[in-house]
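**Student:** generate a structure from the sequence data that follows.
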Amino acid sequence: MIMNLPTSDHLVVNFPVSKLVSEKLFLELKTKKFTGYSYITIYQENGFEESILFFLNGKIVGCIYVIDNLDLYLYGKDAFSLCLNVFEVNDGVYNLFSLTDDQLKLILLFNEKIKFEKDISDVKFTKEVLAYNKQRREIFFKDVPSDGFQKKDLFNKFNISDLLKG
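**Tutor:** Predicted coordinates for the structure are as follows:
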């Protein structure tokens, strides 16, 4: 995980994203006035990508999107469409964590940049919105300065990858 988030009640554990019925899931989270966060991890050509959506009483209140190997992070409004971008992938895992209202409010208090409010009723759950779209992702990261250095380069530089092979 990219930040220390509480994992008090793990409601869904490593469920295949390919088996999610996204529209139904979001509407259920709204109806049940869910408070906590959803966490999806997928693996693509650039390594692991992570999507975290925070919910307070059934409403989306925060977002984080990460392409881990490239050290690229998006927060709040900038992350929202990419967080939805992974809900129809064929290879990924979905986790759902329930939190108290106070726990979630503390997360938002100490992480202002993740805040983004969106009522689930306002989201159009179409295949185009939820399907993984590499071009959509590239648009967001085109202006990110890159020195060409990636985490995997650090492993290679110090021959750590050989040690990890066992």
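
**Student:** what about the protein, any weak spots by pLDDT?
**Tutor:** Counting by pLDDT under 70, the chain contains low-confidence ranges at 1-3, 125-129, 131, 136-137, 139-166.

**Student:** just the strands in it please.
**Tutor:** For the chain, the strands defined by DSSP state E cover 9-16, 36-44, 47-56, 59-67, 72-75, 92-98, 115-118.

**Student:** give me the sheet partners of the fourth one and which way each runs.
**Tutor:** Yep, that's strand 59-67 we're talking about. Counting by DSSP bridges, the strands paired with strand 59-67 are strand 47-56 (antiparallel), strand 72-75 (antiparallel), strand 115-118 (antiparallel).

**Student:** may I see those strands organised as CSV, with mean neighbour count and distance to residue 5 added?
**Tutor:** In this view, the C-beta of every residue, glycine as well, is placed from N, C-alpha and C. What follows is these, written out as CSV (neighbours: other C-beta atoms under 10 Å; distance: least, C-beta to C-beta, whole Å):
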stretch, mean neighbour count, distance to residue 5
strand 47-56, 21, 8
strand 72-75, 18, 14
strand 115-118, 16, 15
